[in-house]
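Student: let's see this in three dimensions:
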Amino acid sequence: MDALERIKKQVTDNPIMLYMKGTPDFPQCGFSARAVQAIKSCGVPFAYVNVYEDEEIYRALPKFANWPTFPQLYVKGELIGGCDITLDLHQSGELEKMLKEAVGAKKAA
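Tutor: Numbering: from 1, shown residues only. Predicted coordinates for the structure are as follows:
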């Protein structure tokens with residue numbers, strides 16, 4: 001399976017998927033750290049990929065959704081955006097609603 005197929009499978013199989021630099025417990029850039037903090041504050045489980053540990057994903061992900069930077073947050077298979085968009089959605093209250101809905105939809109399926 002090539003990297004683009006793996007990405008497609010990851011964002012399809014996981015209702016909330018974060019591609020980030022580092023891990024949620026040890027983010028390796030400030031943008032990834034802030035995105036993780038926003039997601040964690042919503043109290044929902046999420047999957048992640050440390051792009052530093054998978055060079056194929058690191059190279060292919062910007063092409064997958066035409067988004068050049070990390071982190072990248074996907075909800076129900078759709079790119080939501082990077083750190084700034086995630087933080088804006090969090091401040092407006094939309095992020096928590098969106099993430100809880102995504103997790104609830106997965107449980108119901």
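
Student: how about the helices in this protein?
Tutor: With helices called from DSSP state H, the chain shows them at 3-13, 30-41, 55-64, 83-92, 94-108.

Student: and the first one, what's buried?
Tutor: Right, the one you point to is helix 3-13. 3, 6-7, 10-11 (16 or more other CB atoms under 10 Å). For the C-beta atoms, the positions are set from N, CA and C on the backbone; glycine is no exception.

Student: excluding chain neighbours, what is closest to the residue nearest to the spatial centre of the chain?
Tutor: Centroid check for the chain by CA atoms, centre = their mean gives Leu18 as the closest residue, at 2.0 Å. Excluding its sequence neighbours, the residue lying closest to Leu18 (CB to CB, 6 or more residues apart in numbering) is Tyr48, at 4.5 Å.

Student: likewise for Trp67?
Tutor: In space, Trp67 is closest to Leu79, 6.0 Å off (CB to CB, 6+ apart).

Student: if the one you found is in a bridge, with which residues?
Tutor: Tyr74 (DSSP bridges).

Student: that's all I had, so thanks and see you.
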